[in-house]
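Engineer: show me how the following folds:
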Amino acid sequence: MKTAVSSTMNSTWSLAFSDFKEITKARLAISVVFSSLAGYLLAPGVIDPVSLALLAFGGYCMVGASNAFNQIIERDLDALMNRTKNRPIPSGRMSVNKALTIAILLTVLGIVALYYLNAKTAMFGAISIFLYTSVYTPLKTKTPLAVFVGAFPGAIPFMLGWVAATNEFGIEPGTLFMIQFFWQFPHFWALGWMLDEDYKKGGFKMLPTGKKDTGTAVQIIMYTIWMIVVSVVPAFGITGDLALSIPAAILVFLMGIVMLVFAFQLYNKRDNPAARKLMLASVSYITLMQIVYVIDKFI
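Structural biologist: This next block holds a predicted model:
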């Protein structure tokens, strides 16, 4: 009897944990935390393990809260799409009130954790939640400009780490912000291209022209070029304490060129497999680029 009860409890907890990961989009949140930690490590000064832990915890809470609010707002639309119909709320596994409680609790915990670092970090975290839930989310069904708006909260994490470490916002975190800002467009438009049919079921307008056409492909190429340019700017010594050696800049540039090649392949083929390759290349690029930046600082 005890074994049966224990097994049931373990199953319940496992399902609850799985739903928590899904409502907060754990994989996305972890990637955001990674960007924040990279930004922190790039900043000058002594590395404080407690600050790193607060940044990681606060960052996860802020992203998790944004995603939870997003899924509450879009629950009816999520039910229409194959990609999202099995999420906790539309599937009926989680009530709206429970999801709202999680979202509010994560918001409070996130802001408090980031405030312990400094007020600027908490402010940027709060701005990120506001823009994502109150501007980006409602715009997704109204205009393709939603991706432009969403690129602002999406670009905050990389710079957030620097602000957390220095309590200052200047050209250095501004450069980190711009790198991730321009990266957002090829990444999310490639994703939007892949999921265009499903997005249309929910009424989402994610592609810049509204279609999987040459115009969208050209914009993807242009933003990829801007991303490459900004990514190597620190090698020219004009970004204050944010520096990049020539060998590291060449490596980052070559990684960007690889991504650009995939963007041109999408332009030529205009199909979902090409879009998927570009999306995967973009994920690899942002992660490897941040790793190169951090390693370059310490060698």
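Engineer: per-domain residue ranges of this protein.
Structural biologist: Using automatic domain parsing, the domain ranges for the chain come out as 18-167, 170-299.
Engineer: contacting residues for the residue nearest to residue 272 when sequence neighbours are not counted?
Structural biologist: Nearest residue to residue 272, sequence neighbours excluded (Cβ to Cβ, 6 or more residues apart in numbering): residue 194, at 5.3 Å. Bear in mind the C-beta positions are built from the backbone N, C-alpha and C, glycine included. By Cβ atoms under 8 Å, 6 or more residues apart in numbering, the contact set of residue 194 is 272, 275, 276, 279.
Engineer: returning to that earlier point: in TSV, list the domains of the chain along with distance to residue 12 and mean pLDDT.
Structural biologist: Output for the domains of the chain, formatted as TSV (distance: least, Cβ to Cβ, whole Å; pLDDT from 0 to 100):
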stretch	distance to residue 12	mean pLDDT
domain 18-167	11	93
domain 170-299	31	95
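Engineer: and residue 221, how far from residue 266?
Structural biologist: 8 Å (Cβ to Cβ, to the nearest Å).
Engineer: and those two? which has more neighbours close in?
Structural biologist: residue 266 (26 against 15; other Cβ atoms under 10 Å).
Engineer: touching, the more buried one and residue 217? I think so.
Structural biologist: Yes: if you go by Cβ atoms under 8 Å, residue 266 and residue 217 touch, sitting 5.4 Å apart.
Engineer: which residues in the stretch 1-150 of the chain form helices?
Structural biologist: Taking DSSP state H, counting those that start in this stretch as the criterion, the stretch 1-150 of the chain carries its helices at 2-23, 26-42, 49-73, 75-78, 96-117, 119-130, 137-139, 146-166.
Engineer: any idea which of those is most buried?
Structural biologist: For the helices of the stretch 1-150 of the chain, average neighbour numbers computed from mean count of other Cβ atoms under 10 Å are highest in helix 146-166, which has a mean of 24.
Engineer: relative orientation of that one and helix 26-42 in degrees?
Structural biologist: Going by axes from the mean of the first three to the mean of the last three Cα atoms, to 10 degrees, helix 146-166 is angled at 40 degrees with respect to helix 26-42.
Engineer: that older thread, which of the helices of the stretch 1-150 of the chain sits closest to residue 291?
Structural biologist: Minimum separation from residue 291 across the helices of the stretch 1-150 of the chain (Cβ to Cβ) falls at helix 26-42, 7.5 Å.
Engineer: for the closest one, the distance to its chain's centre please.
Structural biologist: 9 Å (Cα atoms, centre = their mean, to the nearest Å).
Engineer: contacts made by that helix with the rest, please.
Structural biologist: 20, 47, 51-52, 55-56, 59-60, 63-64, 67, 157-165, 172-173, 176, 180, 242, 283, 286-287, 290-291, 293-294, 297.
Engineer: can we see that at 7 Å?
Structural biologist: The contact list for helix 26-42, computed with Cβ atoms under 7 Å, 6 or more residues apart in numbering, reads 47, 52, 55-56, 59-60, 63-64, 67, 157-162, 164-165, 176, 180, 242, 290, 293-294, 297.
Engineer: export it to PDB, keeping only CA atoms.
Structural biologist: C-alpha atoms of helix 26-42 as PDB (Å, rounded to 0.1, in the frame of the first residue of the first chain):
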ATOM      1  CA  ALA A  26      12.800  26.000 -18.900                       C
ATOM      2  CA  ARG A  27      15.100  25.500 -21.900                       C
ATOM      3  CA  LEU A  28      14.600  29.100 -23.100                       C
ATOM      4  CA  ALA A  29      14.900  30.400 -19.500                       C
ATOM      5  CA  ILE A  30      18.200  28.500 -19.000                       C
ATOM      6  CA  SER A  31      19.600  29.900 -22.300                       C
ATOM      7  CA  VAL A  32      18.700  33.400 -21.100                       C
ATOM      8  CA  VAL A  33      20.400  32.800 -17.800                       C
ATOM      9  CA  PHE A  34      23.500  31.700 -19.700                       C
ATOM     10  CA  SER A  35      23.500  35.000 -21.700                       C
ATOM     11  CA  SER A  36      23.200  36.900 -18.400                       C
ATOM     12  CA  LEU A  37      26.000  35.000 -16.800                       C
ATOM     13  CA  ALA A  38      28.200  35.600 -19.900                       C
ATOM     14  CA  GLY A  39      27.500  39.300 -19.600                       C
ATOM     15  CA  TYR A  40      28.500  39.300 -16.000                       C
ATOM     16  CA  LEU A  41      31.800  37.500 -16.600                       C
ATOM     17  CA  LEU A  42      32.700  39.900 -19.300                       C
END
